[in-house]
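In: Predicted structure and sequence below. I'll ask about it afterward.
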Amino acid sequence: CPRAMSVTRPCGKGWGDRYSQVVRVSNGAQGATVHLAGQTAAPAPGSDEPQILADLDCYAQTCVILARVDRFLAAAGASKQHLVRAWVFLHDPTDVDECNRAWDEWMDGEGNLPARTCLVASPQLHTPHGLVEITVDAFVAAPADPTP
């Protein structure tokens with residue numbers, strides 16, 4: 001019997017209650033797609049993340065973001081091995097090498113690289129001193145049905 005599609009939001013709302021940090025769409029036997037909102041290195045609402053964004057370069061901000069991506073993916077039952085798409089938004093195109101260095105360290109030779117786009121945009125529109133914003137989508141296959 002096929003399972004119905006369901007939508008869950010395992011990580012609550014983002015800044016200003018305008019969006020969900022994570023949306024997981026489960027489609028029964030096919031699996032689930034996990035969508036993360038754009039992540040910056042700004043301290044999350046209600047968190048004890050103490051960093052002052054103005055003190056972090058692009059490499060450090062990217063590392064903070066990717067650690068948050070790991071946590072959000074895990075909360076939705078996924079990991080970076082499940083990534084299918086990533087968007088990277090840089091405030092300054094000269095930061096691309098530092099952002100890529102953090103990304104490459106995070107991926108750590110993973111064979112399951114997502115499709116990725118890197119654009120110049122301004123994360124500073126909503127995050128003063130933000131140098132990078134990253135959003136990702138992941139797909140988690142449903143477990144194989146053991147019955148023939």
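Out: Here it is on my side, so go on. Computed from a predicted model, the values in this text were never measured in an experiment. Numbers count the residues shown, from 1 in each chain.
In: And the contacts of the one helix or strand in the chain whose mean pLDDT sits lowest?
Out: When the helices and strands of the chain are scored by mean pLDDT, DSSP states H and E, strand 5-8 comes last with a mean of 74. Contact with strand 5-8 is made by 23-28, 76, as judged by CB atoms under 8 Å, 6 or more residues apart in numbering. For the C-beta atoms, the positions are set from N, CA and C on the backbone; glycine is no exception.
In: Mind listing what's buried along the top helix by length along the chain?
Out: As assigned by DSSP state H, the longest helix anywhere in the chain is helix 58-75. Residues 58-66, 68-69, 72-73 are the ones in helix 58-75 that count as buried (16 or more other CB atoms under 10 Å).
In: mind checking how far that helix is from the chain centre?
Out: Relative to the mean C-alpha coordinate of its chain, helix 58-75 is positioned 7 Å out (CA atoms, centre = their mean, to the nearest Å).
In: name the helices or strands packed onto that helix?
Out: With contacts taken as 3 or more CB pairs under 8 Å, 6 or more residues apart in numbering; DSSP states H and E, helix 58-75 sits against strand 31-36, helix 96-107, strand 132-141.
In: could you dump those to a markdown table with mean neighbour count?
Out: Listed next are the helices and strands packed on helix 58-75 as a markdown table, based on neighbours: other CB atoms under 10 Å:
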| stretch | mean neighbour count |
| --- | --- |
| strand 31-36 | 20 |
| helix 96-107 | 16 |
| strand 132-141 | 21 |
